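Peer 1: here's a sequence, model it:
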Amino acid sequence: MKNESIILYAKILKKVFPYQNVIEIAKILSYNVAFLDSDLKFLIANTYRYNNGKKAILINSRYNDKSRNILCAHELGHAILDHPAKSNYKDKNLNHEYQANLFAVSLLFNEEDFNTPFIHMSNYVLQTILDINIEIKLN
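Peer 2: Okay, here's the model as predicted:
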């Protein structure tokens, strides 16, 4: 899918589901969303494909609700864009990571709030927008 289409699709979803609870959006779109309490070294969030082709989004429950929503938006991007089940999150140069970040930022934020259109943002900028809004749940 072209980057312009990714942004458009996210904006359409935002209009159809204006409440921005991405976890609920993912469930309505028939993706299983599950939470796992795991060491953050082993799991932040991931998208899995079952043998029958259905996809599930798994999110570490050690994050607060806002952070889970952001992580789910990124993983929903992978699921909708039909990326392979496993990509390396740490490799910032992967096109799949760029596309998932572009989708998540387009879904969660209003483009008018930025000085640069989403389409002109690098993966580093998109990832930074997401990362600065993610935090671990404090007990």
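
Peer 1: wait, Leu71 sits on Leu43?
Peer 2: No - using Cβ atoms under 8 Å, Leu71 is not in contact with Leu43, being 10.4 Å away. Bear in mind the C-beta positions are built from the backbone N, C-alpha and C, glycine included.

Peer 1: so what's in contact with those two at the same time?
Peer 2: Asn60 (Cβ atoms under 8 Å, 6 or more residues apart in numbering).

Peer 1: those two: which is more packed in?
Peer 2: Leu71 (23 against 15; other Cβ atoms under 10 Å).

Peer 1: okay, Arg49 and Asn115: tell me how far apart.
Peer 2: As for Arg49, its distance to Asn115 is 38 Å (criterion: Cβ to Cβ, to the nearest Å).

Peer 1: the helix or strand bottoming out on mean pLDDT in the chain packs against which elements?
Peer 2: Using mean pLDDT, DSSP states H and E, strand 45-49 stands out as the lowest-scoring helix or strand of the chain, at a mean of 86. Packed against strand 45-49, as judged by 3 or more Cβ pairs under 8 Å, 6 or more residues apart in numbering; DSSP states H and E, are the following elements: strand 55-60, helix 65-80.

Peer 1: look up the closest residue to Gln127, ignoring the ones flanking it.
Peer 2: Asn101 (5.4 Å; Cβ to Cβ, 6 or more residues apart in numbering).

Peer 1: what helix or strand does that neighbour sit in?
Peer 2: Under the criterion of DSSP states H and E, Asn101 resides in helix 95-108.

Peer 1: C-alpha coordinates for stretch 39-54, PDB please?
Peer 2: Once non-C-alpha atoms are left out, stretch 39-54 reads as follows in PDB (Å, rounded to 0.1, in the frame of the first residue of the first chain):
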ATOM      1  CA  ASP A  39       9.500  -8.800  31.100                       C
ATOM      2  CA  LEU A  40       9.800  -5.800  28.700                       C
ATOM      3  CA  LYS A  41      13.000  -7.400  27.300                       C
ATOM      4  CA  PHE A  42      10.900 -10.200  25.900                       C
ATOM      5  CA  LEU A  43       7.700  -8.400  24.800                       C
ATOM      6  CA  ILE A  44       6.600  -4.900  24.200                       C
ATOM      7  CA  ALA A  45       3.900  -5.600  21.600                       C
ATOM      8  CA  ASN A  46       3.600  -7.800  18.600                       C
ATOM      9  CA  THR A  47       1.300  -9.000  15.800                       C
ATOM     10  CA  TYR A  48       0.900 -12.700  15.300                       C
ATOM     11  CA  ARG A  49      -0.700 -14.700  12.500                       C
ATOM     12  CA  TYR A  50      -2.400 -18.000  13.300                       C
ATOM     13  CA  ASN A  51      -2.200 -21.000  11.000                       C
ATOM     14  CA  ASN A  52      -5.800 -20.200   9.800                       C
ATOM     15  CA  GLY A  53      -4.700 -16.700   8.700                       C
ATOM     16  CA  LYS A  54      -6.400 -14.800  11.500                       C
END
